[in-house]
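J.: build me a structure from this.
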Amino acid sequence: MQTFSKILSVTALSMSLVLGLGSVASAAPKTSFKVAWSIYVGWMPWGYAADHGIVKKWADKYGINIEVTQFNDYVESMNQYTAGAFDAVTLTNMDGLSIPAAGGVDTTAVIVGDFSNGNDAVILKDKADLADIKGQNVNLVEYSVSHYLLARALDGIKLSERDVKVVNTSDADMVAAYKTPDVSAVVTWNPLVSTILEDPTAKKVFDSSQVPGEIIDLMVANSNALKDNPNFGKALAGIWYETAALTKADTPEGKAAREAMGTASGTDLKGFEAQLAATRLFDKPADALTFTTSPSLPKTMDLVRNFLFQKGLLGNGAPSADVIGIEMPDGKVLGDSKNIKLRFTETYMKSAADGLL
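T.: Numbering: from 1, shown residues only. Presented below is the predicted three-dimensional model:
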């Protein structure tokens with residue numbers, strides 16, 4: 001009787017292990033996702049979509065839940081994503097490489113939303129010539145696209161960072177910093193640029209329209225989350241193209257949307273439309289596809305990765321800019337193909353362009 005009981009127990013245990021393994025193997029894909037975004041003209045559609053039911057509409061279509069959270073501090077939003085607290089985040093091409101990718105988080109650009117075409121700027125106080133920046137302290141978010149823009153601006157006038165002193169300043173503090181007498185030069189992005197330029201002492205001496213297509217704004221997601229449930233990427237694409245089209249629409253609804261986005265970003269309709277005019281917003285997926293698959297993207301990312309390597313931002317002891325692999329839509333890889341951590345894909349934008357969402 002005792003032996004029979006032991007056999008039953010072992011059999012029951014074996015069955016439970018088999019059933020347990022089976023349940024793991026067939027585990028349902030993740031269905032709840034968290035998205036982080038911060039204030040910037042090219043990212044305002046995400047906040048508007050969350051507030052006006054567009055996020056819920058597309059999440060419901062794909063049987064998932066998407067929670068959208070606004071951050072007042074851009075760097076903190078990326079840090080939270082990198083730490084795993086969020087599944088997706090708005091960031092630039094450069095910051096995607098220097099923060100999550102360099103931090104070991106395999107990250108995919110789901111949406112190439114726009115590129116800055118004047119929204120990022122170098123501003124001097126009471127000086128109207130970029131050359132006057134020589135010898136000045138320059139306040140900016142260190143190692144951000146502002147830092148990159150400064151390097152590109154200096155390179156254009158045969159100066160280097162050795163000719164100025166960078167002062168790391170949070171974007172949340174930038175406007176207040178400019179108003180202090182000690183600050184004479186800043187590099188930042190909209191809506192901060194527009195606010196600072198309201199001061200009569202502020203002179204814009206260089207902006208991103210002089211390096212078009214290099215500062216790219218993305219919605220990225222954790223690559224593993226997308227593999228687990230591709231519907232997350234499809235929903236993000238649906239949300240973006242519906243809201244971006246509304247943002248650009250010359251209709252009463254479009255105007256109302258822009259007004260709401262302007263208010264949410266601390267300006268008004270006129271101010272927001274001025275920022276929008278300095279942005280190449282991809283409201284049509286076909287245009288985003290053309291840009292993303294063009295030969296210019298690998299060239300831009302090569303510039304970016306070399307800048308980051310020079311700043312020591314590709315990981316401690318990185319031997320070269322090749323340490324991190326950057327995969328392009330055609331499968332070609334810049335850098336180490338065995339360590340791909342940033343991926344540009346046409347998958348979701350193409351689905352939108354083909355009407356398959």
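
J.: now do the same contact list for Gly104.
T.: Counting by CB atoms under 8 Å, 6 or more residues apart in numbering, Gly104 touches Lys341. The C-beta positions use only the backbone N, C-alpha and C, and glycine is treated the same way.

J.: and the pLDDT at it?
T.: Per-residue confidence (pLDDT) for Gly104: 96.

J.: tell me which element it is part of?
T.: Under DSSP states H and E, no helix or strand contains Gly104.

J.: how much space separates it from Thr169?
T.: Distance check for Gly104 against Thr169: by CB to CB, to the nearest Å, it reads 27 Å.

J.: what is the helix or strand hosting Lys57 packed up against?
T.: In the assignment (DSSP H and E), Lys57 maps to helix 54-61. Under the contact criterion of 3 or more CB pairs under 8 Å, 6 or more residues apart in numbering; DSSP states H and E, helix 54-61 touches strand 65-71, helix 231-248.

J.: and it, average pLDDT?
T.: Mean per-residue pLDDT for helix 54-61: 98.

J.: for that helix, output the C-alpha coordinates as CSV.
T.: Extracted C-alpha coordinates of helix 54-61, given in CSV (Å, rounded to 0.1, in the frame of the first residue of the first chain):
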residue,chain,number,x,y,z
ILE,A,54,-7.2,57.5,-29.5
VAL,A,55,-4.8,55.4,-27.5
LYS,A,56,-7.6,53.4,-26.0
LYS,A,57,-9.2,52.9,-29.4
TRP,A,58,-6.2,51.3,-30.9
ALA,A,59,-5.3,49.3,-27.8
ASP,A,60,-8.8,47.9,-27.7
LYS,A,61,-8.6,47.0,-31.4
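
J.: now the helices for the stretch 1-150 of the chain?
T.: With DSSP state H, counting those that start in this stretch as the criterion, the stretch 1-150 of the chain has helices at 2-25, 44-51, 54-61, 74-82, 93-96, 145-156.

J.: what's the least confident stretch among these?
T.: helix 2-25 - the lowest mean pLDDT of the helices of the stretch 1-150 of the chain, at a mean of 40.

J.: on that earlier part again, buried set for the helix holding Lys57?
T.: In terms of neighbour count (16 or more other CB atoms under 10 Å), helix 54-61 has its buried residues at Ile54, Val55, Trp58, Ala59.

J.: can you check stretch 63-73 too?
T.: Within stretch 63-73, the residues scored as buried using 16+ other CB under 10 Å are Ile64, Ile66, Val68, Thr69, Phe71, Asp73.

J.: check contacts around the first one.
T.: It refers to Ile64. By CB under 8 Å, 6+ apart, Ile64 lies in contact with Thr31, Ser32, Phe33, Asn229, Asn231, Phe232, Ala235.

J.: one more time with 6 Å, if that's ok
T.: Contact analysis of Ile64 by CB atoms under 6 Å, 6 or more residues apart in numbering lists Thr31, Asn231.

J.: could you list the low-pLDDT ranges of this structure?
T.: Within the chain, the segments meeting pLDDT under 70 span 1-26.

J.: walk me through the domains of it.
T.: 1-30, 33-115+214-353, 120-210 (automatic domain parsing).

J.: any idea which of those is most buried?
T.: Highest mean neighbour count of those: domain 33-115+214-353, a mean of 20 (counted as mean count of other CB atoms under 10 Å).

J.: quick one: terminal-to-terminal distance for it?
T.: Domain 33-115+214-353 has its terminal residues 24 Å apart, counting by CA to CA, to the nearest Å.

J.: likewise stretch 272-289?
T.: Start-to-end span of stretch 272-289 (CA to CA) is 26 Å.

J.: need the residues that contact that stretch.
T.: With contact meaning CB under 6 Å, 6+ apart, stretch 272-289 is reached by 41-42, 112, 114-115, 117-119, 190, 241, 244-245, 248, 258, 261-262, 346, 349, 352-353.

J.: please narrow the residues you listed to those residing in strands.
T.: Among the contacts of stretch 272-289, the ones falling in strands (DSSP state E) are Val112, Asp114, Phe115.

J.: show me what the last one is bridged to.
T.: Meaning Phe115. Beta-bridge pairing for Phe115 (DSSP bridges): Ile216, Arg280.

J.: isn't it up against Val211?
T.: No: counting by CB atoms under 6 Å, Phe115 stays clear of Val211, with 9.7 Å between them.

J.: just checking, what packs against the helix or strand harbouring Ala177?
T.: Counting by DSSP H and E, the element that carries Ala177 is helix 174-178. When contacts are defined as 3 or more CB pairs under 6 Å, 6 or more residues apart in numbering; DSSP states H and E, helix 174-178 packs onto helix 192-197.

J.: please save the CA atoms from the helix it packs on in PDB.
T.: Provided in PDB are the C-alpha atoms of helix 192-197 (Å, rounded to 0.1, in the frame of the first residue of the first chain):
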ATOM      1  CA  LEU A 192      12.100  76.000 -24.500                       C
ATOM      2  CA  VAL A 193      13.700  77.700 -27.500                       C
ATOM      3  CA  SER A 194      10.500  79.700 -28.300                       C
ATOM      4  CA  THR A 195      10.200  80.700 -24.600                       C
ATOM      5  CA  ILE A 196      13.800  81.800 -24.300                       C
ATOM      6  CA  LEU A 197      13.600  83.700 -27.600                       C
END
